[in-house]
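Student: Using only what follows, build the 3D model:
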Amino acid sequence: MLNAPNSRVLTANVPAAGAAVVQDQVIGESPVTGQVTEVVIYPEANVVANAVNFRTFRLINKGLDGNGAVVVASFATDLPTTDDLADFDEKGIPLSVVAGAVNVAEGDILAMDETVAAAGVAHSGYGVKVTVSKVVSS
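Tutor: Below is the predicted model of the structure:
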């Protein structure tokens with residue numbers, strides 16, 4: 001999908017998960033060489049943050065062969081009130097500040113994964129939107 005002249009958008013739906021269930025979901029292959037410039041999730045139901053029992057949502061660059069583990073963006077529901085998710089309200093996922101972590105090559109596989117702390121927290125599924133901006137040489 002075309003977003004802006006030098007950006008492409010990947011979207012996917014991630015199924016619901018029980019409190020202690022970890023999962024991952026392929027979002028798609030990067031259509032261009034560039035950088036991930038935005039990651040947004042749209043939860044289907046409220047998720048109440050908890051300092052002990054929480055879930056971490058991460059966008060992972062799995063590389064061309066699907067075996068990579070570079071964390072591109074990450075968000076945890078671990079700060080009560082601050083990290084609550086509201087149903088159908090978009091939540092931007094902070095991009096990594098690690099040098100090069102947001103860089104992608106054309107064909108890199110991007111996936112969301114989820115981990116839980118302690119007993120975790122359930123969610124009712126969500127949509128995800130990943131914007132990849134093409135590197136433009138000057």
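
Student: Going by C-alpha atoms from here, please, whenever you check contacts or count neighbours.
Tutor: Will do.

Student: okay, stretch 14-21 in PDB with CA atoms only?
Tutor: What follows is stretch 14-21, C-alpha atoms only, in PDB (Å, rounded to 0.1, in the frame of the first residue of the first chain):
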ATOM      1  CA  VAL A  14      -3.000 -10.400  15.300                       C
ATOM      2  CA  PRO A  15      -5.300 -12.800  17.000                       C
ATOM      3  CA  ALA A  16      -6.300 -12.700  20.700                       C
ATOM      4  CA  ALA A  17      -4.100 -14.300  23.300                       C
ATOM      5  CA  GLY A  18      -4.700 -15.500  26.800                       C
ATOM      6  CA  ALA A  19      -2.800 -14.000  29.700                       C
ATOM      7  CA  ALA A  20       0.100 -16.400  29.800                       C
ATOM      8  CA  VAL A  21       0.200 -17.100  26.000                       C
END
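
Student: Pick out the residue nearest the middle of the chain.
Tutor: The centre of the chain sits closest to L59, judged by Cα atoms, centre = their mean, with a distance of 3.6 Å.

Student: V36 versus that one, what's the distance?
Tutor: 10 Å (Cα to Cα, to the nearest Å).

Student: just V130 next, same as before
Tutor: Distance, V130 to V36, using Cα to Cα: 7 Å.

Student: do Y126 as well
Tutor: Distance from Y126 to V36, counting by Cα to Cα: 19 Å.

Student: what stretches of the chain score poorly on pLDDT?
Tutor: Counting by pLDDT under 70, the chain has low-confidence residues at 1-4, 137-138.

Student: If anything else comes up later, I'll come back, but that's it for now.
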